[in-house]
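Asker: Whatever this is, show me its structure:
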Amino acid sequence: MLFEVLGPMRVTDDGRAHPVAGVRQRILLGALLAHANQPLPTEKLAEIVWDGAPPQRAVPTLRTYLTRLRQDLGPPAASRIRTRDGGYLAEVGPGDLDALDFEALCHDAGAAIRAADWAAASDRATRALALWRATPLADVPSQVLRDMWLPRLEQQHLQVSEWRIEAELQLGHHQQLIAPLRQLIAEHPLRERFHAQLMRALAHCGRQAEALAAYQEARTILVEELGIEPGPELRNLHERILAGDGAPPPLAAELALGVSPVTAIPRQLPAAAGNFTGRDRELDLLTSLPELSPERNAPRGTVAISAINGMPGVGKTALAVHAAHRLAEEFPDGQLFLDLHGHALGYPPREPDEALGALLRALGVPAARIPAQPEERAALFRQRLAGTRTLILLDNALNEAQVRPLLPGTDGCLVMITSRHRLKGLHDAHVVALDVLPEADALTLLHAVTAPTRAAANDAALAEIARLCGGLPLALRIAGALLCHRPAWTPAYLAGLLRDEHARPATLADGHHDLRAAFALSYTRLDEPQRLLFRRLALVPGQELDAFAAATLLDVAPAAATGLLESLVDHNLLVEHAPGRYRVHDLADSDPQADRDSARARLLAYHAHTAQRAPVLIARHPRAVPDGPPSAHARGLSTTTVMLAPTRPAEARKPEV
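Answerer: Residues are numbered from 1 along each chain as shown. As a prediction, the model looks like this:
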């Protein structure tokens, strides 16, 4: 069975062709082969098949296309397409997919050049280039798929072309390379290495005048097209030929390697967020870990780990990326970035073996050489990182179990993790619990995001918007985007919309970011008792509550309520700002359901009887006794509890009474 994508798509079984007739079926097969041996979620598959605009009934239509594709392929090939983890997977092995064989040969060619084994390098590179029939996926009209796969394949093709030429030059085949090099330069005029190789080939053939002319041609192209002078390799060659030093010496194996997607140092960090504001204390902590200092005292094999947790939209990823860019120069062996989809709309959390596959490919391991077993993948990952100084940023982690297999096994590396969940099981991690921005920083960020022409820094309405956003960076950025892109809106108008606390979460949506969706993703990770408590938090007057109030809301024992409150703290949906005192953010959209009336009645009775008991100890005159009997939790309160933990009056939330 052979799947070929390095040119027009072809599928053959023992030499018999199986044409894939439909356009959608070819895109579907191409997408599965681009992610060979990895489950591809249905939503992502639909995005590729319909080129970024899937229809409403994309999923059932996708099943129809899969049925037709299996019919076109025939039983042997159809059996390679499996249903897995809410999506589909194309199962291929060595020799089954030309793109995987191409990557493996590129990797072997690079290894041979590194070892200065020029004959082996020429052989592997020539075999790799023989698999390249034409532009990959030439008859698969999906721009999303082509953008996803084609640049990497084309870059590998260019690199292995350089390596083949270099190996042949080292073997003394200069005359035979002049014509192919002129053709490569015509196709890739900005590729300096091809110009340098042509100059060396001409000089070794005694054609110094042509070699100097080749330099002038290269310089003219670079200056006219890019506005830059040639690089050191070309300039040094030019000087040696001008000086009459004879034929330039052979190129060292290290220089011959150049930069390739197979062997290059990974530089995967996303761009840092613009208008990054505040977080000085957290940045200092992240960039000055004791394991990173020259006089480190940690035991050998200890990996530096930072775990950043916080509520949805609080800026965990922005902080981690900002800190990673500051530290990048201290990790010369590369920076890896991977979104683990712990809370991602439309994507299930990545399984650890899938994540390891992505990380290994980023480290230059060809897909065909990545082990199938998760334990073997983890071992290979640790082996590849051993002795290196590599930074790994794991974004949006679900839990400790997802992260543990992705940790290096030796010191020298740094792992930065962001998660909405408190990763308490990572005992060696340096924890950064991210809170909302202070008032001054919140206003600074909002003004930076808002076009300066729309609002002055001292605009009172802008300050009110920052306060109504509760210091949450995502909410502040959305509010700024709304003011920038809706010219009719003034800060005063937006502040008026946000004053309605029930409509506030719905208002804070800019078409790409949606605050309600951000909190809803965390809500889906809760079990039913946790969800019930979170919904009933909307009944709490003010922003705070304690275990007794939560117990009253749920009609359970205080110990059980404490456990649920702490679990919501672990999910960063509540903040425990003092022992036993919990605060919910203003923008958490916890909508109570039909059973709210009895819960509200219990809560109000609890507060009324608690308030009545407190004045007995401090007032000269008795107060009116509340109607009805006290709740069990109000009767059980001790005098000390009442005095030391009074319930705050209503501040932001106004329950329906």
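
Asker: any idea how far the residue lying closest to Pro473 once chain neighbours are set aside is from Pro189?
Answerer: Leaving aside its sequence neighbours, Pro473 sits nearest to Gly315 (C-beta to C-beta, 6 or more residues apart in numbering; 4.0 Å). In this view, the C-beta of every residue, glycine as well, is placed from N, C-alpha and C. Using C-beta to C-beta, to the nearest Å, Gly315 is found at 44 Å from Pro189.

Asker: Ok, Pro371 next?
Answerer: Distance of Pro371 to Pro189, given as C-beta to C-beta: 42 Å.

Asker: just for the protein, where's the confidence low?
Answerer: For the chain, the stretches with pLDDT under 70 are 245-264, 293-302, 368, 451-458, 502, 505, 510-515, 585-601, 609, 612-657.

Asker: quick one, strands of it?
Answerer: 2-4, 10-13, 16-17, 40-41, 81-84, 87-90, 304-309, 335-339, 391-397, 414-419, 430-433, 544-545, 575-578, 581-583 (DSSP state E).

Asker: Residues touching the last one, excluding its own?
Answerer: This points to strand 581-583. Under the criterion C-beta atoms under 8 Å, 6 or more residues apart in numbering, residues 543-546, 550, 565, 568-569, 574-577, 645 lie in contact with strand 581-583.

Asker: Please apply the same query to the third one.
Answerer: Strand 16-17 has contacts (C-beta under 8 Å, 6+ apart) with Arg10, Val11.

Asker: any idea how far Ala34 is from the residue nearest the centre of the chain?
Answerer: By C-alpha atoms, centre = their mean, the chain has its centre lying nearest to Asp339, at 2.8 Å. Asp339 is 18 Å from Ala34, where distance means C-beta to C-beta.

Asker: ditto for Leu497
Answerer: Taking C-beta to C-beta, one finds Leu497 at 44 Å from Ala34.

Asker: When the two are compared, which one has more neighbours?
Answerer: Per other C-beta atoms under 10 Å, whichever of Leu497 and Ala34 has more neighbours is Ala34, with 25 against 17.

Asker: ok, Asp284 - how many residues close by?
Answerer: Counted with other C-beta under 10 Å, residues neighbouring Asp284 total 10.

Asker: repeat for Ala551
Answerer: Quick note: Ala551 (other C-beta under 10 Å) scores 25 neighbours.

Asker: count of neighbours near Ala460?
Answerer: Counted with other C-beta under 10 Å, Ala460 comes out at 11.

Asker: List the buried residues of the longest helix seen in the chain.
Answerer: The longest helix of the chain (DSSP state H) is helix 143-170. By neighbour count with 16 or more other C-beta atoms under 10 Å, helix 143-170 contains the buried residues 144-146, 148-150, 152-153, 156-170.

Asker: just stretch 186-203 next, same as before
Answerer: Buried residues in stretch 186-203, counted by 16+ other C-beta under 10 Å: 189, 191-203.

Asker: contacting residues around the closest residue to Glu233 other than its chain neighbours?
Answerer: Nearest residue to Glu233, sequence neighbours excluded (C-beta to C-beta, 6+ apart): Ala196, at 5.1 Å. Contact partners of Ala196, counting by C-beta under 8 Å, 6+ apart, are Glu233, Leu234, Leu237.

Asker: who touches the second one in this structure?
Answerer: Applying C-beta under 8 Å, 6+ apart, one finds that Leu234 lies in contact with Glu192, His195, Ala196, Met199, Tyr215, Ala218, Arg219.

Asker: now those in a markdown table, with distance to Arg10?
Answerer: As requested, the contacts of Leu234 are exported to a markdown table (distance: C-beta to C-beta, whole Å):
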| residue | distance to Arg10 |
| --- | --- |
| Glu192 | 35 |
| His195 | 35 |
| Ala196 | 36 |
| Met199 | 39 |
| Tyr215 | 42 |
| Ala218 | 38 |
| Arg219 | 43 |
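
Asker: Now flag whichever of those residues is closest to Trp489.
Answerer: Nearest to Trp489 among the contacts of Leu234: Glu192, at 50.9 Å, using C-beta to C-beta.

Asker: Distance-wise, check the closest one relative to Gln156.
Answerer: Using C-beta to C-beta, Glu192 is found at 18 Å from Gln156.
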